[in-house]
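1. predicted model follows, preceded by the sequence.
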Amino acid sequence: MQKAAEFTEERGDMTRIRVRMLGKLEISCEGREISLKCTKDSRYMQLFLLLLYHNKKGISRQEIIEELYAGKESSPDNALRIVVYRLRKLLSQTFLPKEKFVVSDRKGQYRLGENITVTLDTDDFLSMYEKINGASDEADRIRRLSQTCDLYEGHFLKDFHGETWIEIENSYFQRLYLKASKELAALLEKRRQYRELRELTDKNIRLFPYDGWQFLRIRSLAQEGKKKEAAIIYEETLRAFQEEFGVGLPQDIIDKFEEAERSVYDARTPGGLIKSVIRRDEEENGAYYCGYLGFLDCCRVMRRVSERNGEVLTMLTVTFKREKGNEEKADGENQEIDQVLREAIHGALRKGDVYTRYGTDTYLILMCGIQGERECFRVFRRIEERFNKIKHIRNTKLQYRVYPINWN
C-alpha cells in the first residue's frame, strides 16, 4: 500500500461518493451507480466496503487484516497486497476520476483515496438519533423520532451478512432503531395517529416478521373500529407463526394472540351473539373448523368433558406429501391441494369433530368416540376417498398418524 501525505481539507475538486448501507447497498457518485466487476463475497468487495465505511477516520492495516482474514490466512500481508492491487484495478475500471486508490496517511490509516469523500446513510442516521433528546415538546419528539426511523431502510448491509464486523454493526444499528421505533409507536398510539402508526408497523413487520409488531397493528385497527381488517391480520399472523414455530408456540406469543383475539372480538349483546351461534350451527354440517388457538381451547374443553362422561378422544393428523421429484411446487399448487384437503376433511367427518390447519401441509383433527387403529384408518380412508373424488391431483399422497388421548 502506498504511503501518502496527510489528507487535506475537502476541496472543490474532491470526488464525492454517496453510500446507502441500511438496506440494499447503493454506491453512487453524482447520481451514477458505482459497480465493481466482482462477486459480492469476494475479498475485493469486502475491502471496498471497509474502506467506504471507515473513510472518514480511516482504518489501520492490522484492522483490515483482522476483518478480512481473522487468522485464516498463513501470509495475510502478502494476501492483502494482492487484494489491494486487484481492488485498485477494479476501481480504475469505473467512471471515477483516475487517482491512486487505497492510500494511507502518516498515521497508517487507510482510506479509499486522497481526494475522495464518502457520505454514509449510517452517519445521517446517527446524527438524527442524537437529536431526539433535544426535542422541545412531544410533537417535536415524534417528528424527530419519525425522521430517525425513516432513515433506517433495512438491516445494515443485509446482503453481506456472515462477516463479523458487519454482524456487529448490524446489531448496533438495529438496537438503536428498535429503541426509537418502539418509543415512536407508543407515542403515535397515545395520540391516536393511526395512519402514521400503520406505516411504522407495516415497515417493522417486513423487517422483523416474528418480533410481534403484528399485535400492535391488530390493536390499533381495533381501536379505529376496523374489526374486519384486524381479524384478517390476526388470521394471517397466526398462520405465519404456526408455520415458523410449529405446535410449540412460546407462551408469550400465545398470550399476545389471546390479547389480540380479545381486541377483535365481536362486541354484540350476549343475546344477539347466542342467536347468531345457534343459527350458524343449524346451517352448518360436517366437522367444525377453527383457528389454531380456538382448536387448543376446544381440546381443553373436550378433554374436561370426556373426564366426566367417559367419551373417548383421539387426535388424528393428516398431511399431504408430494412424491419424489415433485416436492418443489409453486405456492399456488400447494394452496389448491390444501383447499381440497380441507374440504375433504370437512365433509368426511362428523359434526362433533373439530379440526384446524397446522403449518403448510397438515391438519389436526380431534375426534370423539373413535378408538383403535382400525377405526382411525377407516376415518382416514373416508378423507382420502373424498379428497380424490373432489379433484384427483397427481403426484400427491395423503399420510396420517394417530395420537390417542384417553384410550383405555
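-> The structure has been received and is ready for your questions. Predicted, not measured: the structure shown is a model, and the values here were computed from it.

2. that's a helix at Lys321, yeah?
-> No - Lys321: not assigned to a helix; according to DSSP: H, G, I helix; E, B strand; the rest coil it is strand.

3. any figure for the gap between it and Thr117?
-> Taking C-beta to C-beta, to the nearest Å as the measure, Lys321 falls 58 Å from Thr117. (Each C-beta comes from the backbone N, C-alpha and C, glycine too.)

4. quick one: which of the two has more around it?
-> In this comparison of Lys321 against Thr117, neighbours counted by other C-beta atoms under 10 Å, the higher total goes to Thr117 at 17 against 14.

5. following whichever strand or helix holds Leu47, which helix or strand comes up?
-> Under the assignment given by DSSP states H and E, the secondary-structure element containing Leu47 is helix 43-53. Next helix or strand after helix 43-53 toward the C-terminus (DSSP H and E): strand 59-60.

6. show me what counts as buried in stretch 398-405.
-> Of the residues in stretch 398-405, those with enough neighbours to count as buried (16 or more other C-beta atoms under 10 Å) are Leu398, Tyr400, Val402.

7. so what sits opposite the first one in the bridge?
-> Partner residues in beta bridges with Leu398, using DSSP bridges, are Phe320.

8. so it touches Leu316, yeah?
-> No - if you go by C-beta atoms under 8 Å, Leu398 and Leu316 don't touch, sitting 11.6 Å apart.

9. anything in contact with each of these two?
-> Here Leu398 and Leu316 have Phe380 as joint contacts, going by C-beta atoms under 8 Å, 6 or more residues apart in numbering.

10. contacting residues for Tyr110?
-> Contacts for Tyr110 (C-beta under 8 Å, 6+ apart) come out as Met1, Leu51, His54, Gly58, Ile59, Ser60, Arg61, Ile64, Val102, Val103, Ser104.

11. and with 7 Å instead?
-> Met1, Leu51, Gly58, Ile59, Arg61, Ile64, Val102, Ser104 (C-beta atoms under 7 Å, 6 or more residues apart in numbering).

12. next: Glu235.
-> Applying C-beta under 7 Å, 6+ apart, we find Glu235 in contact with Gly291.

13. need phi/psi at it.
-> Note on Glu235: backbone dihedrals following degrees, to the nearest 10 are phi -70, psi -40.

14. all strands of the chain, in order?
-> In the chain, the strands defined using DSSP state E lie at 2-3, 15-20, 26-29, 32-33, 59-60, 101-104, 109-113, 116-120, 288-289, 313-322, 354-358, 362-368, 396-404.

15. name the strands paired with the fourth one and say parallel or antiparallel.
-> Translated: strand 32-33. Strand 32-33 sits in its sheet next to strand 26-29 (antiparallel), going by DSSP bridges.

16. ok, the fifth one next?
-> Using DSSP bridges, the strands paired with strand 59-60 are strand 109-113 (antiparallel).

17. so the partner strand versus strand 116-120, what angle?
-> Our comparison of strand 109-113 with strand 116-120, counting by axes from the mean of the first three to the mean of the last three C-alpha atoms, to 10 degrees, yields an angle of 100 degrees.

18. any buried residues in strand 109-113, and which?
-> The neighbour-count criterion (16+ other C-beta under 10 Å) identifies Gln109, Tyr110, Arg111, Leu112, Gly113 as the buried residues of strand 109-113.

19. do the same with stretch 65-75
-> Taking 16+ other C-beta under 10 Å as the basis for neighbour counts, the residues of stretch 65-75 that come out buried are Ile65, Glu67, Leu68, Tyr69.

20. how about stretch 211-223?
-> Judged by neighbour count using 16+ other C-beta under 10 Å, the buried positions of stretch 211-223 are Gly212, Trp213, Gln214, Phe215, Leu216, Arg217, Ile218, Arg219, Ser220, Leu221, Ala222.

21. returning to that earlier point: from the buried residues of stretch 398-405, which is closest to Tyr288?
-> Compare each of these with Tyr288 using C-beta to C-beta and the shortest gap goes to Tyr400, at 19.3 Å.

22. so that closest one makes contact with Phe320?
-> No - under the criterion of C-beta atoms under 7 Å, Tyr400 makes no contact with Phe320, lying 10.7 Å away.

23. coming back round to it: between the buried residues of stretch 398-405, which sits nearest Arg81?
-> For the buried residues of stretch 398-405, the minimum distance to Arg81 (C-beta to C-beta) is 62.4 Å, reached by Leu398.

24. correct me, but Thr117 touches Val19?
-> No - Thr117 lies out of contact with Val19 (C-beta under 7 Å); the separation is 11.0 Å.

25. distance from stretch 188-200 to the middle of the chain?
-> Distance, stretch centre to chain centre, for stretch 188-200: 21 Å (C-alpha atoms, centre = their mean, to the nearest Å).

26. do a quick rundown of the helices in the chain.
-> For the chain, the helices identified by DSSP state H occupy 43-53, 61-69, 76-92, 121-130, 138-151, 164-190, 194-207, 213-223, 227-245, 251-263, 270-283, 292-309, 331-348, 373-390, in order along the chain.

27. got TSV for the ones you listed, with distance to Lys158 too?
-> Converted to TSV, these look like this (distance: least, C-beta to C-beta, whole Å):
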stretch	distance to Lys158
helix 43-53	13
helix 61-69	18
helix 76-92	22
helix 121-130	13
helix 138-151	15
helix 164-190	8
helix 194-207	10
helix 213-223	18
helix 227-245	19
helix 251-263	25
helix 270-283	47
helix 292-309	31
helix 331-348	23
helix 373-390	42
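
28. which of the ones you listed comes out lowest on mean pLDDT?
-> Within the helices of the chain, the stretch with the lowest mean pLDDT is helix 270-283, showing a mean of 50.

29. what is the neighbour count of Lys89?
-> Counted with other C-beta under 10 Å, residues neighbouring Lys89 total 12.

30. what sits against Leu112?
-> For Leu112, the set of contacting residues under the criterion of C-beta under 7 Å, 6+ apart consists of Leu51, Leu52, Asn55, Phe101, Val102, Val118.
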